[in-house]
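Asks: based on what follows, work out the 3D shape:
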Amino acid sequence: MKLLFVCTGNTCRSPMAEAFFRKAAAERGVGERFCARSCGLAASAGAPASVHAAEAAAELGADLSEHRSRMATPELLAGADAIYCMSPAHRAAIVSALPQLSGRVFVLDPPVPDPFGGDLAAYRATARALNAEVNGLLDALCGADGFPARAPSAPPAAAKPPQTNLETEGETDE
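Replies: Below you'll find the predicted structure:
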């Protein structure tokens, strides 16, 4: 099952979610059944994870040292079986640009606030929340026998999507 975690810049939340999901799946012995990736709706391609995100993730056993940001593209999004957004606004932006994907786009519950620009304590709080959420997601995706089950229902989309690069494949905001 191909999963995609989506945030804004792909340097904080979504790479932490990807790393925590991979770690949890491997620890449960189901890692080979999932392919987890991440991207950002307004990412600059090739940027490393933020220093605070990497430190907070490492404290919980996840390694972001090799992470490089990637921008969400229609092809990347369409290739995922399930897309997990950090906020309703991210979901709204994807569904607005690619309505055919609406049944595969979900929001982590509760949505994950962006720690960008915050101190290490903010990133630690985000990391703890994401670690708990992706472990819950893995529980929901795996049946009693450990095999992937169907994805949960999508929560309602936000009214106003954020600025996105989906219409301008390959370009960045910078």
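Asks: low-confidence ranges, this protein, go.
Replies: Scanning the chain for pLDDT under 70 picks out 144-174.
Asks: which helix runs longest in it?
Replies: In the chain, assigned by DSSP state H, the helix with the most residues is helix 120-141.
Asks: which positions in that helix come out as buried?
Replies: 122-124, 126-127, 129-131, 133-135, 137-138, 141 (16 or more other CB atoms under 10 Å). Yep, even glycine has a C-beta here, placed from its N, CA and C like the rest.
Asks: could you dump those into CSV with distance to Met86 added?
Replies: Output for the buried residues of helix 120-141, formatted as CSV (distance: CB to CB, whole Å):
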residue, distance to Met86
Ala122, 14
Tyr123, 14
Arg124, 17
Thr126, 9
Ala127, 13
Ala129, 10
Leu130, 9
Asn131, 14
Glu133, 10
Val134, 11
Asn135, 16
Leu137, 13
Leu138, 17
Leu141, 18
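Asks: just the closest of those to Ala58, please.
Replies: Ala127 (9.2 Å; CB to CB).
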